[in-house]
Every structure is written in structure tokens, then in C-alpha cells.
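S.K.: When you get a sec, could you give me coordinates for this:
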Amino acid sequence: MSETRFDVLTIGNAIVDIIAPVEPGFIEREGMSKGIMHLIDTDRAADLYDKMPLGKQQISGGSAANTAAGVASLGGRAAFIGKVADDPLGDVFATDLDALGVYYATSRLENGALTARSMIFLSEDGERTMNTYLGACHELTERDIRPDEIGSAAITYMEGFLWDPVEAKKAFVLAAHYAHKNERAAAFTLSDPFCVDRYRAEFLDLIRSKTIDYVFANINELKSLYQTDDLGVAVREIAKDAELAAITMGADGAMAICNGEVVSVPAFPVPHVVDATGAGDLFASGFLLAMARGQTLETALKTGCLAASEVISHIGARPQLDLGDLTREHGLAG
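M.R.: The predicted model follows:
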């Protein structure tokens, strides 16, 4: 086993979130359906980006990158692998992660697709209309998976969304191989019920073949995985298939299932839920870091729920408070 450089290394889609308010009529003029997420191509992405107001907010995003940012905010050693292009938004993404203290050294894509972006237009009534271009992030390949990086991470964590592109799928499996070769854990999140619907058989094979050690899901994703409306049935099934499963339950907290043991903790109270975006990503940050540090399942669950409670109390999928300070206040720092 190589020396541990990172507590948690995450692999996923590298996306820049671009948020901007727009004047009345803009959404309609551009032919968008208000409040809906649209998948767009390269030309449309470039055109819409040029039309965004000068005061737009640009921040690195993507599920696994959010988790890495959370690990860093908690005081952990975080790394991220994901593909951006050699373009201005690629610079935004890399600069952001560097400022957060997340190690990021994936080579840039040249002479190809643009850096992935999710352009979020805010109407006067607060409605969000999203236009997502996946571009370069779908160009991740096995060449981007470095044995020394994976081998030196206590836990490697990947997002289910990576299962869409064929080459990224190969990279996903290779990363798990390098983790196990170095006696490290490989983890992944089911990401989305629609993602589970597309790849149910393959996801189950990843778990049952022990390619993946730790599984993260919310209730809906877990039920979708086992095609049941009964949470109890789904929990019993994942208990048989996975070494460890961490399940988020929204306002009801979270549970972990390991070696036949089920541990549950309540959610931390939040006076007003402002934006649930990133809750699962930040839960994973807290849970993974606690596991990397050898803490108990209960502590891991509580740390995950605490991190999630912070991110849902404001707009945006990244913590605004220092999560390390927050865990110390609650006696959870390891």
C-alpha cells in the first residue's frame, strides 16, 4: 500500500455553473421552457454564453467536484479527476479548485469540445431555467486515471453520471482496480433515479462483483435500484449486495448498512431550506472523510448530515461556512 496523500479522491463530470439574472422576456425570446433543464450542443452553448449578462457568477460544479470541495472545507485532503477543455471556463474550473485546496491535475482537452457548463438563468420570480452542455467532461478516458493518484487516496469516490460515456465507463472501472490493488476502498453514488433506470443491471453488477465497496444513494435511487416501493425491501437487498451502503433520507436524516448492521441518525435542524442542490454531494463529503479517518458509522453519518444541513441553508452547492469549524462546534472533528 502506498503512502496516503489524499483522504478522498473524487472522479466525475467537471462542469462550470454560470448563474445570471435575466430581464423579462429573455427566456421566451430564446425559445426556452421556463423552469426546465435543457441539454444543448456546442453552438448553442457558445451562443447562450455570449448572451449572458456581464454580472454572471461562474463557479466550478459537478457532483463529485462538489464532494471534493466539501472534503477540503472539512479540513480533509481532497483530490478531483475530471475533464475540462483548454479554454477560459477550463481556467475558471481549475482556479476554483485550487483556491479551495483541492488537488486537480487532469490534463486539458485540446482542439475538441468546450468545457462543460450549466447556464442557469434566473427570472424575476426566482425560477431557474437551466441549459446544460456536457462537452469536454464526457471526454474522460483511462489515460486520465493515474495509478499513483488513485493508489495514494484512502477512498476513491465516483459519480454514477460517469457511466454515460463509454470511455469514462472504462476509466471508472480502472480507477476501482487501482484502488483495490493498493488495498483502498472504491465508492460510488447512484447519482439520479433516471441514471439508475438506464444502468440498473450494470450498477448491480458493479456492486455484486465487489468492483465497488461503498454505495451512496437517496431513498428514491435505492428503491429504483431494486424496483420496489418498499424501503425496507430495498435496504435488505443492498445489505446483501454491498459491503457498505450510505442512504440519505432528506428531513429524516440518513442510515448506513454494513455487515448486517443498520445505523440511523436524524437530520440536523435547518430553520429554512433555501436550496437542496448539493445536499447529497456534501453528505458524501462528511461521510467519506470520517470513514477515511477511521471513525464510526454513526460519526460518519452525523458528519455527512451536518455538512448537508449547511449547504441547503443557502443558494449554491458549495459550503459557505468553514465545515471544519462547524464539525468542531458539534464535537465531530476527528
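S.K.: close enough to count as contact, Pro266 and Met249?
M.R.: No. With contact defined as C-beta atoms under 8 Å, Pro266 does not count as touching Met249 (9.4 Å). Backbone N, C-alpha and C define where each C-beta goes, glycine included.
S.K.: Leaving out the residues flanking it, which one is nearest to Gly82?
M.R.: Ala14 (3.3 Å; C-beta to C-beta, 6 or more residues apart in numbering).
S.K.: what's the burial count for the one you found?
M.R.: 29 (other C-beta atoms under 10 Å).
S.K.: same check, this time on the one 4 residues further on
M.R.: When neighbours are defined as other C-beta under 10 Å, Ile18 has 21 of them.
S.K.: quick one: it from Pro266, how far?
M.R.: 36 Å (C-beta to C-beta, to the nearest Å).
S.K.: Have a look at Pro266 and Met249 and say which one is more surrounded.
M.R.: Neighbours were counted for Pro266 and for Met249 using other C-beta under 10 Å; Met249 has more, 17 against 13.
S.K.: Might you report the residue contacts of that one?
M.R.: Asn218, Ile219, Met255, Ala267 (C-beta atoms under 8 Å, 6 or more residues apart in numbering).
S.K.: Now tabulate those residues in a markdown table and tack on distance to Arg236 and secondary structure.
M.R.: Below are these laid out as a markdown table (distance: C-beta to C-beta, whole Å; DSSP: H, G, I helix; E, B strand; the rest coil):
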| residue | distance to Arg236 | secondary structure |
| --- | --- | --- |
| Asn218 | 18 | strand |
| Ile219 | 14 | helix |
| Met255 | 13 | strand |
| Ala267 | 23 | coil |
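S.K.: So which of the residues you listed wins on neighbours?
M.R.: Neighbour max across those (other C-beta under 10 Å) = Asn218, 21 neighbours.
S.K.: Could you find the closest non-adjacent residue to it?
M.R.: In space, Asn218 is closest to Thr248, 4.7 Å off (C-beta to C-beta, 6+ apart).
S.K.: Cheers, nothing more for now.
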